[in-house]
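*Asks:* prediction below, plus the sequence it came from.
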Amino acid sequence: SPRGVNLPGEDDSYDFGAGAGFYLDATQAPWDRHYKMASYVCDELVPLLKASFPLSGRFGVTGHSMGGHGALTLFLKRPDVFASASAFAPICAPVECPWGQKAFKRYLGSVDAGATYDACKLVAAYTGPRVPLLVDQGTADKFLEDQLKPELLRAACAAAGYPLMLRYHEGYDHSYFFVATYMDDHLKHHSLYLNSAGK
């Protein structure tokens, strides 16, 4: 989320505002002036990285929880920018969960408007390269059933014929220890597809 904009209500809860920008471009005041994180990542941050470092020009994207939602949706919306994607315990179907519904109502004006930032909806209409998605999920995650809903992503990918590697890990919760434990697998995943992209 943007920092230092000091909007009313921005710091009132962990699941909205400064705590959760949802990697979208807000359309509703007062959020629409600053909460443009989808455009920021794709149209400002990536070009800045290309200009500042000797990079190949091919990028992968990963994230955890709300950031995992962002990774999946940015990849599906912008195949011109990202060649691979993975996620740890992502919010897979935000139009179907309280976190996403709250965010979409306030940032976009309605839950329905959030369909353009929902991985399950996006994968159904996706026409870009079908690079497999890697998603890891802990079975002891307290948000699994109500907020994350990975089985909806599995169903959406199956219906669209999109390759998904959804892996459950017994006993792991929503913590960064879970992320650290399996990060090496995600780096290998991205390396495989970034090194083969465009060949």
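*Replies:* Yep, that arrived.
*Asks:* shouldn't residue 4 be within a helix?
*Replies:* No. Assessed with DSSP: H, G, I helix; E, B strand; the rest coil, residue 4 is coil; it does not lie in a helix.
*Asks:* ok, it - contacts?
*Replies:* With C-beta atoms under 8 Å, 6 or more residues apart in numbering as the criterion, no residue contacts residue 4. All C-beta atoms are positioned from the backbone trio N, CA, C, and that covers glycine.
*Asks:* and it, how far from residue 151?
*Replies:* 39 Å (C-beta to C-beta, to the nearest Å).
*Asks:* so residue 139 makes contact with residue 172?
*Replies:* Yes. With contact defined as C-beta atoms under 8 Å, residue 139 reaches residue 172; the gap is 6.8 Å.
*Asks:* between these two, which one's more packed in?
*Replies:* For residue 139 versus residue 172, the count of surrounding residues by other C-beta atoms under 10 Å is larger for residue 172: 20 against 11.
*Asks:* state the distance from the residue lying closest to the more buried one once chain neighbours are set aside to residue 173.
*Replies:* Spatial nearest neighbour of residue 172, chain neighbours left out: residue 138 (3.0 Å); criterion: C-beta to C-beta, 6 or more residues apart in numbering. Noted for residue 138: a distance of 5 Å to residue 173, by C-beta to C-beta.
*Asks:* those two: who's more crowded?
*Replies:* A direct count of neighbours by other C-beta under 10 Å for residue 138 and residue 173 places residue 138 higher, at 24 against 15.
*Asks:* beta-bridge partners for that one, please?
*Replies:* residue 169 (DSSP bridges).
*Asks:* thought it was touching residue 174?
*Replies:* Yes. Applying C-beta under 8 Å, one finds residue 138 in contact with residue 174, separated by 6.8 Å.
*Asks:* residue contacts, the residue nearest to residue 172?
*Replies:* With C-beta under 8 Å, 6+ apart, residue 138 has these contacts: 89, 144, 168-169, 171-174, 178.
*Asks:* give me that answer again for 6 Å
*Replies:* 169, 172-173, 178 (C-beta atoms under 6 Å, 6 or more residues apart in numbering).
*Asks:* now, those that are in helices?
*Replies:* Filtering these for membership in helices, criterion DSSP state H, returns residue 178.
*Asks:* closest to residue 96 out of the contacts of residue 138?
*Replies:* Nearest to residue 96 among those is residue 173, at 21.6 Å by C-beta to C-beta.
*Asks:* skipping its backbone neighbours, what lies nearest that closest one in space?
*Replies:* With C-beta to C-beta, 6+ apart as the criterion, residue 173 has its nearest non-adjacent residue at 4.7 Å, and that residue is residue 140.
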